[in-house]
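Novice: predicted model and sequence follow; I will ask about them next.
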Amino acid sequence: MLQASQVTTIAELQQILHLQQQNLRGTHNESVEKEQGFVTVVHSLPVLQQMHSFAPSIIVKDNETLAGYALTMTRECSTLVPELISLFAGVEKLLYKGKPLTQYHFYVMGQVCVDIHYRGNGVFDMLYQEHKNVFGNKYDFIITDIATRNTRSMRAHERVGFKKIQTYRDELDEWAVVVWDWA
């Protein structure tokens with residue numbers, strides 16, 4: 001039975017790292033990545049522990065098996081992952097609905113991944129719905145960026161309700177900045 005919850009144990013963080021390694025960009029050939037999606041950033045256990053000290057991430061488990069995860073990165077985490085520093089810096093300069101993003105309460109979706117055996121079973125939607133359930137009273141929205149060539153992830157985020165507000169390119173890829181507004 002699939003169950004969404006916040007991360008509570010080191011073992012769950014280790015499961016996240018294992019699933020991340022299985023889905024890293026470059027692990028599979030380009031056609032598999034195009035069809036199944038991929039994750040770009042590698043985290044370490046100490047970094048995940050720091051992130052979770054600010055706000056625990058959301059996972060979906062099937063009994064003890066990790067089906068998927070969605071990493072919560074509050075603004076206090078902006079320097080923990082070097083690959084995401086440019087996202088945080090760029091976000092600070094953006095306008096949303098005519099106001100600087102800094103005037104809103106938001107956090108960044110640090111990464112989302114669903115185990116290949118659970119794709120197509122609603123896990124992605126469960127992860128984001130649990131984010132809204134847990135953090136919806138405290139934050140105005142979630143913001144994240146998605147590699148534009150990761151079409152599976154782009155479609156899934158649009159289905160949940162994310163809207164693109166900007167596209168940019170850095171040394172890693174071209175990215176779409178998307179917001180899921182809870183207002």
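Specialist: Received the coordinates, thanks.
Novice: residue nearest the centroid of the protein?
Specialist: What sits nearest the mean C-alpha location of the chain, by C-alpha atoms, centre = their mean, is Gln111, with 2.8 Å.
Novice: hmm, what's the outermost residue in the chain?
Specialist: Gly98 (25.0 Å).
Novice: tell me the spacing between the residue nearest to the centre of the chain and Asp62.
Specialist: Distance of Gln111 to Asp62, computed by C-beta to C-beta, to the nearest Å: 20 Å. (Each C-beta comes from the backbone N, C-alpha and C, glycine too.)
Novice: so the residue nearest to the centre of the chain lies in a strand, does it not?
Specialist: Yes. Remark: Gln111 belongs to a strand, assigned using DSSP: H, G, I helix; E, B strand; the rest coil.
Novice: helix, strand, or coil at the closest residue to it other than its chain neighbours?
Specialist: Of all residues not flanking Gln111 in the chain, Leu71 sits nearest, at 4.7 Å (C-beta to C-beta, 6 or more residues apart in numbering). Per three-state DSSP, the secondary structure class of Leu71 is strand.
Novice: neighbours of Leu71, how many?
Specialist: Here the number of neighbours of Leu71 (other C-beta atoms under 10 Å) works out to 29.
Novice: again, but for Glu174
Specialist: 13.
Novice: quick check: closest non-adjacent residue to it.
Specialist: Leaving aside its chain neighbours, Glu174 sits nearest to Thr148 (4.7 Å; criterion: C-beta to C-beta, 6+ apart).
Novice: and that neighbour, how close does it get to Gln129?
Specialist: 25 Å.
Novice: pLDDT below threshold where in this protein?
Specialist: Within the chain, the set of residues satisfying pLDDT under 70 comprises 25-26, 28-29, 31-38, 40.
Novice: go with 80
Specialist: Within the chain, the ranges that satisfy pLDDT under 80 run 24-41, 82-90, 92, 170-172.
Novice: looks like Lys61 contacts Met1 (just checking).
Specialist: No. Applying C-beta atoms under 8 Å as the test, Lys61 and Met1 come out as separate, 9.2 Å apart.
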